[in-house]
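In: What follows is a protein structure lacking sequence information:
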């Protein structure tokens with residue numbers, strides 16, 4: 001039987017990026033942020049929540065390459081193209097390095 005309690009570990013002790021219940025957890029010179037992505041064929045989504053600033057960015061696209069703008073979107077909204085934005089665009093195949 002599964003235990004209903006999940007122990008939250010300190011993000012500072014885990015490095016810059018970790019995973020927790022399907023969410024990306026990151027901390028890189030700023031407060032803790034959590035992020036998640038979705039993909040259903042050509043439909044893409046991305047959300048990032050800044051837990052310290054209590055703000056969030058939510059993005060939906062109906063294009064296969066819609067996630068290409070994530071780094072720029074994050075730069076213009078939260079001031080940094082964080083690991084999560086670059087990571088998602090890279091793994092989605094929509095961004096060629």
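Out: That came through fine. No experiment lies behind these values; they were computed from the predicted model shown.

In: Within the helices and strands, which one has residue 30?
Out: Here residue 30 sits in a region with no helix or strand, counting by DSSP states H and E.

In: so how far is residue 53 from it?
Out: Computed as CB to CB, to the nearest Å, the residue 30 to residue 53 distance reads 9 Å. Every residue, glycine included, has its C-beta placed from N, CA and C.

In: Compare neighbour counts for these two and give me the winner.
Out: residue 30 (14 against 11; other CB atoms under 10 Å).

In: Do I have it right that the more buried one meets residue 52?
Out: Yes. Applying CB atoms under 8 Å as the test, residue 30 and residue 52 come out as touching, 7.4 Å apart.

In: Could I get the full set of strands for the chain?
Out: Remark: strands assigned in the chain by DSSP state E are 17-20, 23-26, 33-40, 43-50, 55-61.

In: Quick check: which of those strands is nearest to residue 70?
Out: Closest to residue 70 of those is strand 43-50 (CB to CB; 5.7 Å).

In: list the buried ones in the closest one?
Out: Neighbour-count burial for strand 43-50 flags 44, 46, 47, 48, 49, 50 (criterion: 16 or more other CB atoms under 10 Å).
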